[in-house]
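J.: Structure of the sequence below:
(one chain, ligands or ions: 1)
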Amino acid sequence: MAFEKVSTILKDADARKTAVLAYDCFNYESIAWLVEAGEELSIPVIIMLYPTMMETIPASVFAAITKKMAKTVKIPVGLHLDHCDSYETILGAIRDGFTSVMIDGSKLEYNENVRVTCEIVKAAHALGIDVEAELGKVGIAANKGDFKNEDMYTTAEQAADFVAKTNVDSLAIAIGSAHGWYVETPKLSMPRLKEINKAIDTPLVLHGGTGIPEDQLRESFKLGINKLNVGTEYFALFYSTTKDYQQVKDKKDSLFAMQGYQKKVIKDYLLNKLKWTIPEKKASR
Ligand SMILES: [Zn+2]
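T.: Prediction:
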């Protein structure tokens, strides 16, 4: 049995100077194959549900699948509700078994973000549930201005004030990443990350993990990112593999043959990406 609190998983990652990959999932396969890949490498994973996905899979079913899967492995498996700005939806997810939630007040004016975050923290912490909040604006990767404009980045000073006022368990920050497919390769601001990590002890979260080059991610993990959110490329892979299978030589017209192909491609992708969180050994002198 290895179901674990997200805050515990992140504290452990922080101690090991690395990050845990958190994937937006949407069905049994997207959850199970990630857990299996993590187990093969002995690397913890976090399963996330994006609130709009509740139209596809009820939160209670999603939570139950994740917890059942966690029982089959030794690695820590976390369960987290991604981007949510509704008090009711967050409380509903907690009722349905979620042990970690994100309150996203980043679109609000600063004091209002503090206020709504405090409201969630008060309710969640009373129930032993972890809370992630967002400070600064992580925008859309299709808009260059959203990730290149440093005015939208989180500042160390505000991060220190925010965590002191809200007592959140983790903080998503804006340092040059964005959601979706990037129109241009992003360049994360490592100096800003360093400043924020120095100013607060709270584990830091990077959103927009699709398409950031490996070297930048590895560097960001070293400098304080403890959770990397990935969605877009995972969804895209589930879609492209169903199409690609049609071109496979000797393909069988069978759902299960197609799924076997899909599982292999997706597991290979996961095994590769999870390895990015293994700190590189220092070259011996
Ligand atoms: Zn996000």
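J.: Next up, the contacts around residue 277.
T.: Residue 277 makes contact with 13, 18, 19, 20, 21, 43, 221, 228 under the criterion Cβ atoms under 8 Å, 6 or more residues apart in numbering. C-betas here are computed from N, CA, C, even on glycine.
J.: Pairing partners for residue 80 in the sheet, please.
T.: With DSSP bridges as the criterion, residue 80 is bridged to residue 48.
J.: can you pull the contacts of residue 192?
T.: Going by Cβ under 8 Å, 6+ apart, the list of residues near residue 192 reads 150, 153, 154, 155, 156, 175, 176.
J.: now, which of these sits nearest residue 107?
T.: Of all those, residue 107 sits closest to residue 154, with 14.3 Å by Cβ to Cβ.
J.: quick one: the closest one and residue 176 touch, right?
T.: No - using Cβ atoms under 8 Å, residue 154 is not in contact with residue 176; the gap is 10.5 Å.
J.: Can you tell me the closest non-neighbouring residue to residue 49?
T.: Distances taken as Cβ to Cβ, 6 or more residues apart in numbering put residue 62 closest to residue 49, at 5.1 Å, once the chain neighbours are dropped.
J.: Show me where the chain dips below the pLDDT cut-off.
T.: Along the chain, segments meeting pLDDT under 70 span 1, 282-285.
J.: And the residue nearest the centre of it?
T.: For the chain, residue 229 is the residue whose C-alpha lies nearest the centre (Cα atoms, centre = their mean; 2.5 Å).
J.: which one is residue 4 nearest to, not counting chain neighbours?
T.: Per Cβ to Cβ, 6+ apart, closest to residue 4 is residue 76, 3.7 Å.
J.: What is the neighbour count of the one you found?
T.: A count of neighbours around residue 76, defined by other Cβ atoms under 10 Å, yields 21.
J.: likewise residue 243?
T.: Should you count by other Cβ under 10 Å, residue 243 turns out to have 8 residues around it.
J.: and it, what element?
T.: helix 232-244 (DSSP states H and E).
J.: okay, the angle between the helix or strand following that helix and helix 232-244?
T.: On the C-terminal side of helix 232-244, the closest following helix or strand by DSSP H and E is helix 255-275. Interaxial angle of helix 255-275 relative to helix 232-244 (axes from the mean of the first three to the mean of the last three Cα atoms, to 10 degrees): 150 degrees.
J.: surely residue 133 meets residue 100?
T.: No - using Cβ under 8 Å, residue 133 is not in contact with residue 100; the gap is 11.9 Å.
J.: From residue 169, how far out is residue 254?
T.: Going from residue 254 to residue 169 by Cβ to Cβ, to the nearest Å gives 45 Å.
J.: So between these two, which is more surrounded?
T.: Neighbours per residue (other Cβ under 10 Å) separate residue 254 from residue 169, with residue 169 holding more: 24 against 9.
J.: is it true that that one touches residue 203?
T.: Yes - the criterion here is Cβ under 8 Å, and residue 169 meets it with residue 203 at 7.3 Å.
J.: residues in contact with residue 219?
T.: Contact analysis of residue 219 by Cβ under 8 Å, 6+ apart lists 188, 190.
J.: Residue 217 too?
T.: Going by Cβ under 8 Å, 6+ apart, residue 217 touches 19, 209, 225, 228, 276.
J.: secondary structure class for the nearest residue to residue 187 once chain neighbours are set aside?
T.: Counting by Cβ to Cβ, 6+ apart, residue 187 lies nearest to residue 176, which is 5.9 Å off, once chain neighbours are set aside. Assigned with DSSP: H, G, I helix; E, B strand; the rest coil, residue 176 falls in the coil class.
J.: Residue 90 versus residue 176, what's the distance?
T.: From residue 176 to residue 90 the distance is 28 Å (Cβ to Cβ).
J.: Ok, residue 153 next?
T.: The gap separating residue 153 from residue 90 is 26 Å, by Cβ to Cβ.
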